[in-house]
Every structure is written in structure tokens, then in C-alpha cells.
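Engineer: Got a predicted model here, sequence first, then my questions.
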Amino acid sequence: MRTEEDLRDAFDHLADTAPHPDEIRQVLERGRPRAARRRTALIVVTAAATATAAVAAVLTPRLFVSGDGSADQETRSSAWARWVGLSLPKDVYATTQVYGPNRQDSELQVVNGTPWPTFCQLQVHRNGDFDPGRIPPVSPTVTVGGHQVRIVASTRTAPFPPGPQGYRFPLFGDTLKSLVWQPAEGLWALLTCESQRRLGTVKIPTIDGPFDPDVRVASTIAGSLSGRQELGSPFVANELPDGLSARRITYSPAKGNVEGSGEDFTVMFSDGNPGTGYRKPPSNCSTAFKSPPPKVCPEGNLAYQPQVGDDIEIRYSTGKFWNSMSRYAKPVAIIHGINAYYAYATGLATSETKNAVPVHDAVRLEGNGVAITIRSLAPKPSLDELRSIAENLRLTNSPDNPASWFDAATSIP
């Protein structure tokens, strides 16, 4: 039997541009083991999964409020800014993006008007997070966008790029070719693209269809990338419990994504102590959905899922699929002019802790097409603390216009 999470994953992944919707339904109805993590060509990559940066690497950007240009400098150096601007060619979309202290990941999809898709993974590293000494000396060099770019060949079983930050859909070509270059001082970029082999007009993409390296598309994308860009945040976090700072930001834009997905912006906060906050479920923890919670064990490696040591999550969504958590039937307060509820955001219980998990672990604000969820990952959440965080958030007036959002470099501590 399919679990609720299976169905939720299906909604998250179905592409509104899929040319053969009947085929999609057939694949979903037949079902397949989730552990395979295979990708159909009719599925849009809508999520890059969560970063796995160590708690010790938490970066605490300073907040500048003066008008002397300090804020501009902070934006350039902050983890919460795009070190490489995603000024992408037409019909190339960045789906989910993951921002960490020393690494940023973006999954890209090319919408080419055919059922034969192209997928790319872009990694940007700094502060020694990537070792250029790993580049094989025999790798050819080309010039792209004024940069000297190495083309590194590898295989699926021994990929060259450093391990991804939990991509839900890794690249599956038997051979891979990655473009490696320095887009700016102190930065290394790695871009890998693959396209499904076109098998003729009478064929349709299949789950395990062959993929080939696509250096041409990768070179086009690499040449279009720009300098650093501001990363928008739909809220300013004015008040957090002492010692907390942002550990990871995950952003999934509405444009180029699944119809109805909306803007999705999530920040994970940590106090730097892996002994507090979220704890990894035991290996024998069942992932089967059971109602009422708490009986669910999250996988901990998907987009928006917590990592060990995460303490607080704030998630802002304008999509149509967020209303999936159990909560009180009536609001407990009006915050920022919209209804606020106590909610059970995610099953965090195990067979060992089911009696210790509280009924509710989150405060959720719902209204005007927006849901803001402030969730505690601690064993004993304080709803008063979560409510205080909610009350002190400053929210954007333009939920569906990321261009008008706050600068994440100065709004996310």
C-alpha cells in the first residue's frame, strides 16, 4: 500500500509539461521501490535534497544596519547570497537550491519542448571545500565565458564531483563529464549535465532510459552564469532562541517547477551542538505512515528534512501542497493578521520515544495563500517559544515575487 509520503512525493515530482500524462499515471499506479531513487524522463526534478554540512561548520553572518556600504560587503561574503548568479539561458530552470556555509548546490532542468530531458547539477565551493588537486592532469582545457575550464570524465560508479548534498535524483549516465573552473577568486564551480538519448519519434522516455554526457549544454550554462547575486528571503528573523544561527537554506522557486508548487523557502537553525535538536532515527525505524502520529520516522536526507543537530525549522510556502499536517481545528491566535495554529509538523517519534513526543511541535500561520511553519526539532518543544519566533518575524508583502523579498544576507542570522 502506498504511504501518504509516497503520494506527496508523486505530487511534488509530476511535471506539468509532461507530454504523456497517461504514461505518468501508469508508472505511478504500478509503483516501484522508493530505495531505487530512479528518475523518469517525465518527472521534473523539483527537489535537491538537504545539505549535510557538519554542525561545526555553522556560519553566523553579521548583521549590518549602517548606510556606509557594509551591507553590500556582507552580501558578497555571506553564505546566504548566491556566490554565482543563476542568470540562466532561456528554458533552463533552477529547481531546488541548497545553500550552506561553504557549498551551494543547484539542480537545473532544461525544458526543451521534447520528451527527452536534460538535467544538470551545479556545485559551487569555497574555503577549501573542493580540492583542485583532484582534477586529473589529462583533463582537457577549454575556454568558456573567459574562464579556463577543465573537462573531467568519470563514471557513475566512481563520479568525480564531491558527494552531492543528498540529491534526490542523482545523475544516472554510465559516463559523466564535469566542467570545473574558478568563476571568481576563492570559488570553484563544478557543472555536470546529461541528456536522455533520443530513441526516435515512436519511442517514449522510460524509467531507465540511457543518459549521455551533454558538454554542449553545460558549456552554454557555464557561459551564462554571472557574478554574485542577492538571495531573497520572504521573512526577517528578528528573534531566535539564544545561540541559534542558520545552518542551511533550501529554496525551491515556483517558476519552472511543478504546477501548484509555489515558492518554498526553508531555513534550518542550529545551536552548533549535535547533542540537541534533531536526532537520527534508529536504523530499524519504520517509515510507514500511521495516523494519528507520532509513529513516523523521517528519512533525514530529503529536501526540507532535518539533519542531526538541527534545532528549529522555519518554512515559508505559497504552494498548494503544504496543508498536510495535523493541527487543532481552530486557530490559537491571530499573528501578523492571519490565523495561527498549533501543529504536528512531522512524525519524529520512534518505537523507543513514542510516549515522550509531544502532541504538537510547531506553530503554523495560514492565510492569504501563504503557510509559515515554525517547527521545533527538540525532544520537548516549547510552543510559547515557537509562538514568540512567529510573532517577531517580519514578512514580505509580496509572497509570490521573490525579486522584492528581503536580502537573506542581512535578514537571516
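Structural biologist: Right, received. Where do you want to start? Numbers count the residues shown, from 1 in each chain.

Engineer: Any regions of the chain where pLDDT drops low?
Structural biologist: Within the chain, the segments meeting pLDDT under 70 span 1-76, 164-169, 201-203, 207-208, 256-258, 281-304, 322-326, 328, 345-359.

Engineer: Using the record's assignment, carve it into domains.
Structural biologist: The record's domain parsing of the chain by automatic domain parsing lists 4-59+86-229, 232-411.

Engineer: who are the neighbours in contact with L199?
Structural biologist: By CB atoms under 8 Å, 6 or more residues apart in numbering, L199 lies in contact with G209. Placement of C-beta: from N, CA and C, glycine included.

Engineer: Wait, a helix at it?
Structural biologist: No - counting by DSSP: H, G, I helix; E, B strand; the rest coil, L199 is located in no helix; its state is coil.

Engineer: Against N112, how distant is it?
Structural biologist: Separation of L199 from N112 (CB to CB, to the nearest Å): 15 Å.

Engineer: Over to P274?
Structural biologist: The gap separating P274 from N112 is 43 Å, by CB to CB.

Engineer: ok, these two, which is more surrounded?
Structural biologist: Taking other CB atoms under 10 Å, P274 and N112 do not tie; P274 has more neighbours (17 against 14).

Engineer: helix, strand or coil for that one?
Structural biologist: Per three-state DSSP, P274 ends up coil.

Engineer: Next, it: phi, psi?
Structural biologist: The main-chain torsion angles of P274 are listed as degrees, to the nearest 10 and equal phi -70, psi -10.

Engineer: And for P205?
Structural biologist: Torsion angles, degrees, to the nearest 10, at P205: phi -60, psi 140.

Engineer: For it, give its distance to S195.
Structural biologist: 11 Å.

Engineer: before we move on, what about V142?
Structural biologist: V142 sits 19 Å away from S195, going by CB to CB.

Engineer: neighbour count winner among those two?
Structural biologist: Using other CB under 10 Å, the more surrounded residue of V142 and S195 is S195, with 21 against 14.

Engineer: Following the helix or strand that contains that one in sequence, what is the next regular element?
Structural biologist: Under the criterion of DSSP states H and E, S195 resides in strand 187-196. Per DSSP H and E, the first helix or strand lying C-terminal to strand 187-196 is strand 211-213.

Engineer: Which elements pack onto that next one?
Structural biologist: Applying 3 or more CB pairs under 8 Å, 6 or more residues apart in numbering; DSSP states H and E, we find strand 211-213 packed against strand 175-181, strand 187-196.

Engineer: any chance of those in TSV, with distance to A246 too?
Structural biologist: Shown next, in TSV, are those (distance: least, CB to CB, whole Å):
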stretch	distance to A246
strand 175-181	28
strand 187-196	20
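
Engineer: closest one to S77 among those?
Structural biologist: strand 187-196 (11.8 Å; CB to CB).

Engineer: buried residues in the helix or strand hosting I221?
Structural biologist: Applying DSSP H and E as the criterion places I221 in helix 215-224. The neighbour-count check on helix 215-224 (16 or more other CB atoms under 10 Å) flags 215, 217-222, 224 as buried.

Engineer: just stretch 188-204 next, same as before
Structural biologist: Judged by neighbour count (16+ other CB under 10 Å), stretch 188-204 contains these buried residues: 188-196, 204.

Engineer: on that earlier part again, so which of the buried residues of helix 215-224 comes closest to N127?
Structural biologist: Checking the buried residues of helix 215-224 against N127 with CB to CB, the nearest one is A222 at 21.7 Å.

Engineer: so that closest one touches L190, yeah?
Structural biologist: No - the criterion here is CB atoms under 8 Å, and A222 misses it with L190 at 10.2 Å.

Engineer: what do the two both touch?
Structural biologist: Shared contacts of A222 and L190, defined by CB under 8 Å, 6+ apart, are found at L179.

Engineer: Now do V180: how many residues are near it, please.
Structural biologist: Residues near V180, counting by other CB under 10 Å: 23.

Engineer: For C120, name its beta-bridge partners.
Structural biologist: For C120, the beta-bridge partners are L108, C193 (DSSP bridges).
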